[in-house]
Structure formats: structure tokens, C-alpha cells
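K.L.:
Task: produce atomic coordinates for the following.
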Amino acid sequence: MKKRKAKRRRIIENAPEKVVSKAKSLQAGFGYEMPPEFDLILIYFDQKSEAKLALEFYSEQQTLGWKTDRGAQIKNWKVAATDWLYNYYQARRLEEWKTSHALGNT
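P.N.:
Below you'll find the model as predicted:
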């Protein structure tokens, strides 16, 4: 199964400043602003019913400098947030499984 890639909107490098600023304003909130404002992250996590985890994600990414595990710059923070939530859920499920299957609990 192929890993999905996020669609990227390119801003023309040699375009006039007015065109570039309009293009950037149209992209605001789509996940391409790096680093993003905390309010946008809070809204995104609230939409996923996990608003309490927004600060944890933001703090972790600030510490890492908004880079991936391999050191590449994150291009879309929403993709990173989705992956982070998935890993969080998997770790939580693993801990629940370990707790329920501990010695003496059958």
C-alpha cells in the first residue's frame, strides 16, 4: 500500500509581492504555514475531539523544531498532527492491552 502524499500548493518564486501575499493568505489554515499558530492547531484537534492533546503536540513539535524523525522540515503540519494522533491512539491501545493481559488478569 502506498503512503498518501499531501497536495502542495506552490507559490511562484518570481511573482510580484502582491500575488505572493494573496497566495499565502489563501493557504492560511490549510496546514502549510510553518510554524503554525497555536489557535489553528487547537481548532484542528478540537475537530478531532482531542482538544486536550493540542498543547502536547504543539510543545513536542516546538521542541523538535518542526522537523520529522529524519530531520527534514515538516511541510504540512496537519499531516504531522494526523500521524501524531494515530501514534498516540496506538500507544494508548497497547498500554490498555498490556494492563488487561498482565500476570494474573486473564
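
K.L.:
In this protein, which helix is the longest?
P.N.:
The residue-count maximum for a helix in the chain (DSSP state H) belongs to helix 77-100.

K.L.:
on contacts alone, who are the packing partners of that helix?
P.N.:
In terms of contact count using 3 or more Cβ pairs under 8 Å, 6 or more residues apart in numbering; DSSP states H and E, helix 77-100 is assigned the packing partners helix 38-47, helix 54-64. No exception for glycine: its C-beta is placed from N, CA and C like everyone else's.

K.L.:
Among those helices, which comes closest to Glu96?
P.N.:
helix 54-64 (18.7 Å; Cβ to Cβ).

K.L.:
who does the closest one touch, helix- and strand-wise?
P.N.:
Packed against helix 54-64 by the contact rule (3+ Cβ pairs under 8 Å, 6+ apart) you find helix 38-47, helix 77-100.

K.L.:
Pick the most buried one from these.
P.N.:
Ranked by mean neighbour count, these are led by helix 38-47 with a mean of 15 (mean count of other Cβ atoms under 10 Å).

K.L.:
That one - contacts with which helices or strands?
P.N.:
For helix 38-47, the packing partners by 3+ Cβ pairs under 8 Å, 6+ apart come out as helix 54-64, helix 77-100.

K.L.:
export the ones you listed to JSON lines and tack on distance to Ile43?
P.N.:
As requested, these are exported to JSON lines (distance: least, Cβ to Cβ, whole Å):
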{"stretch": "helix 54-64", "distance to Ile43": "9"}
{"stretch": "helix 77-100", "distance to Ile43": "11"}
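
K.L.:
can I get those in CSV with mean pLDDT and distance to Pro36?
P.N.:
CSV is the format used below for the helices and strands packed on helix 38-47 (pLDDT from 0 to 100; distance: least, Cβ to Cβ, whole Å):
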stretch, mean pLDDT, distance to Pro36
helix 54-64, 94, 8
helix 77-100, 93, 5
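
K.L.:
mind checking which of the ones you listed is nearest Ile41?
P.N.:
Among these, the nearest to Ile41 by Cβ to Cβ is helix 54-64 (5.2 Å).

K.L.:
Just the C-alpha atoms of the closest one, please, in PDB.
P.N.:
Output for helix 54-64, consisting of C-alpha atoms alone and laid out as PDB, is shown next (Å, rounded to 0.1, in the frame of the first residue of the first chain):
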ATOM      1  CA  ALA A  54      -3.300  20.100  21.200                       C
ATOM      2  CA  LEU A  55      -0.800  21.700  23.600                       C
ATOM      3  CA  GLU A  56       1.100  18.400  24.000                       C
ATOM      4  CA  PHE A  57       1.500  18.100  20.200                       C
ATOM      5  CA  TYR A  58       2.500  21.800  19.800                       C
ATOM      6  CA  SER A  59       5.000  21.600  22.600                       C
ATOM      7  CA  GLU A  60       6.600  18.500  21.200                       C
ATOM      8  CA  GLN A  61       6.900  20.000  17.700                       C
ATOM      9  CA  GLN A  62       8.300  23.200  19.100                       C
ATOM     10  CA  THR A  63      11.000  21.200  20.900                       C
ATOM     11  CA  LEU A  64      11.800  19.200  17.700                       C
END
